[in-house]
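In: Below is the sequence, then the predicted model.
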Amino acid sequence: MSTNSQQKSRILNFLPFKYPNFGKLFFGQLISNIGSQFSYIALQFLVYDLTGEIGAMALLAISETIPMILIGPFAGIIIDRVDRKYAMIFANLSQSIIIGLIPFTAFLPNRIFWVFLLAFLNSTCNRFFFPARGASIPKLIDKKEDLFAANSLSAGAYQVSALIGPMLAGISLGFIGYDLPFIFDSISFIISAVFIFSIPLNLKADKQSESSPLTDLIEGGNFILHYAPILYLLVIFSILMFAGGGSLILIIPYLEEVFGFTETGPREFVYGVMTAMSASVGMTAALLLSRKKRLNRPILVITISLMIAGFMLIGFSLSPNIYVLGFFWIGFGTIEVLVGIPLQTLAQETVPDQLRGKTFSFINLSITISQILGMGLVGILAESPLGIRGSLFANGVFLLIAFVFGVNWITRKRLDAQAEEKRVLFHQSSGE
């Protein structure tokens, strides 16, 4: 086979081209995620510069996570009853309007209130998008053996956005100001909605519920409680977000208070570069995983992420200079990949289609509550004699202890074996 033919074959076997409908979702998300990462960094710096307080960073995070508690479970019920394609389009167009309004808050009194409100509304729309996307991917992949690779590529696309978005933010915020990221993100949501609208498939659940919404909610909760692998992952992910996710609110204050990167220094640039470096590691890991059909022990892999996160936080807290800090920061890039890809694939392969939206929403609900509690605890510890370094160190130790208990739980309950049984049934039902 000639070199040109080999290259053409590789291109055609690239999943977004092999499955064009998946490709439309993939490329739309790639563009939208770049915009979201761009505006997310800008939003954090905007809030911190408006207030100068760690507590404000926690309030921002809480305003973005409360919708998962108030809206998440009910969004899952709706997603499992409607065409998920239109749920994603609705979310994207709504987010375009909401993010586009942030620059105009500069003309309003008490600007920080309006920023928090718009962050809350944006997160509310997200509660409809992400469960709908996760539940839809299996319908866009004809050969279910490619599902793991498809999720890996989706995670890789997110890491690409996490590489490009922070770099754009780091460069632009110091020279152009805060408006450009929000305008860019607003446009990116419209582009994503157009891509998704062009998918010609019906993305409704295979089996439509005839029960009441409350019954649906209870059914989804019962499934999680009685299916040990998903229940375990829900607990592990919650622990990770409690200690690891909660610690993220300390990054900007850490750069400023410990290393002296103030708003008049290269704070934004340093943050953007290190976040981009972390994303590059995550992108590489995701692309390597996309070449695999599956992971043999996905639950164990997810549990290992607790150990990695624990060591990263401890190293973070003990860093004597910005270079050592950057080394440990890079390690965070692998954690989201090691958790997100196996978790999403496992849920898609072992949860019935009519329960996927609710299951993803319940998982989001659990980790959100954990993250809010974690942010509250981290904020208290950071203001205590422990300080920022001590708080990060304590969270790292907590994750290492959780890892030890997690490995013991997996071994005793044979969770990977239980998940494999469901996975085999899923592929048999798909004719593979």
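Out: Looks like it arrived, so ask away. Numbering: from 1, shown residues only.

In: CA only for contacts and neighbour counts going forward, please
Out: OK.

In: who's in contact with Met88?
Out: 128-130, 132-133, 193, 196 (Cα atoms under 8 Å, 6 or more residues apart in numbering).

In: Quick check: of those residues, which lies closest to Phe261?
Out: Phe130 (34.6 Å; Cα to Cα).

In: Could you give the number of residues near the closest one?
Out: 19 (other Cα atoms under 10 Å).

In: For the stretch 301-432 of the chain, just list every one of the helices.
Out: Under the criterion DSSP state H, counting those that start in this stretch, the stretch 301-432 of the chain contains helices at 322-350, 353-383, 387-413, 415-429.

In: Please identify the most buried of these.
Out: By mean neighbour count, with neighbours taken as mean count of other Cα atoms under 10 Å, helix 353-383 ranks first of the helices of the stretch 301-432 of the chain at a mean of 23.

In: just to revisit the earlier point, most neighbours among the contacts of Met88, which one?
Out: Ranked by neighbour count (other Cα under 10 Å), these have Ala132 at the top, with 31 neighbours.

In: if we can go back for a sec, I'd like to know which of the contacts of Met88 are part of helices.
Out: If you go by DSSP state H, the contacts of Met88 have 128-130, 132-133, 193, 196 in helices.

In: JSON lines please, covering the residues you listed and showing pLDDT.
Out: What follows is these, written out as JSON lines (pLDDT from 0 to 100):
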{"residue": "Phe128", "pLDDT": "86"}
{"residue": "Phe129", "pLDDT": "88"}
{"residue": "Phe130", "pLDDT": "81"}
{"residue": "Ala132", "pLDDT": "86"}
{"residue": "Arg133", "pLDDT": "87"}
{"residue": "Ala193", "pLDDT": "95"}
{"residue": "Ile196", "pLDDT": "95"}
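
In: For Ile367, state which of those is nearest.
Out: Phe130 (14.2 Å).

In: That closest one and Ile308, how far apart?
Out: 26 Å (Cα to Cα, to the nearest Å).

In: buried ones in stretch 115-125?
Out: 115-125 (16 or more other Cα atoms under 10 Å).

In: out of the helices of the stretch 301-432 of the chain, nearest to Leu60?
Out: Closest among the helices of the stretch 301-432 of the chain, using Cα to Cα: helix 353-383, at 10.6 Å.

In: Can you give the distance from that closest one to the centre of its chain?
Out: 12 Å (Cα atoms, centre = their mean, to the nearest Å).

In: Mind giving me the packing neighbours of it?
Out: Counting contacts by 3 or more Cα pairs under 8 Å, 6 or more residues apart in numbering; DSSP states H and E, helix 353-383 is packed against helix 54-70, helix 72-79, helix 111-140, helix 213-226, helix 228-240, helix 246-247, helix 322-350, helix 387-413.

In: got any ranges where the stretch 201-350 of the chain has weak pLDDT?
Out: By pLDDT under 70, the weakly predicted segments of the stretch 201-350 of the chain are 208-214, 216-217, 245-246, 249, 262-268, 272, 333.

In: hang on, the earlier thing: tabulate the helices and strands packed on helix 353-383 (a markdown table), appending distance to Pro253.
Out: Below are the helices and strands packed on helix 353-383 laid out as a markdown table (distance: least, Cα to Cα, whole Å):
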| stretch | distance to Pro253 |
| --- | --- |
| helix 54-70 | 7 |
| helix 72-79 | 30 |
| helix 111-140 | 18 |
| helix 213-226 | 38 |
| helix 228-240 | 21 |
| helix 246-247 | 11 |
| helix 322-350 | 14 |
| helix 387-413 | 8 |
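
In: isn't Gly331 right next to Met277, touching?
Out: No - using Cα atoms under 8 Å, Gly331 is not in contact with Met277, being 9.3 Å away.

In: Please name the residues that touch the closest residue to Ile183 other than its chain neighbours.
Out: Excluding the flanking residues, the one nearest Ile183 by Cα to Cα, 6 or more residues apart in numbering is Gly100, at 5.6 Å. By Cα under 8 Å, 6+ apart, the contact set of Gly100 is 182-183, 185-186.

In: so the closest residue to Leu15 other than its chain neighbours is in which element?
Out: Distance criterion Cα to Cα, 6+ apart; nearest residue to Leu15, sequence neighbours excluded, is Ala150 at 6.8 Å. Using DSSP states H and E, the element containing Ala150 is helix 147-172.

In: And for Phe184?
Out: Here Phe184 is assigned to helix 179-197, by DSSP H and E.

In: now swap in Ala205 and tell me
Out: Applying DSSP H and E, one finds Ala205 in no helix or strand.

In: what about it, how many residues close to it?
Out: There are 22 residues near Ala205, going by other Cα under 10 Å.

In: There's contact between it and Arg81 in this structure, I believe.
Out: Yes - the pair Ala205 / Arg81 is scored as a contact, 7.0 Å apart, by Cα under 8 Å.

In: picking up where we left off before, show the average pLDDT along the helix or strand where the residue nearest to Ile183 lies.
Out: For Gly100, the host element (DSSP H and E) is helix 84-101. Averaged over helix 84-101, pLDDT sits at 94.

In: Assign Val82 to helix, strand or coil.
Out: What DSSP: H, G, I helix; E, B strand; the rest coil gives for Val82 is coil.

In: swap in Asn202?
Out: Asn202 is classified as coil under three-state DSSP.

In: repeat for Gly260
Out: Per three-state DSSP, Gly260 ends up coil.

In: Return the distance of it relative to Ile252.
Out: 11 Å.

In: Have a look at these two and say which one is more surrounded.
Out: Ile252 (20 against 13).

In: how about the more buried one, what does it touch?
Out: Residues in contact with Ile252 (Cα under 8 Å, 6+ apart) are Tyr271.
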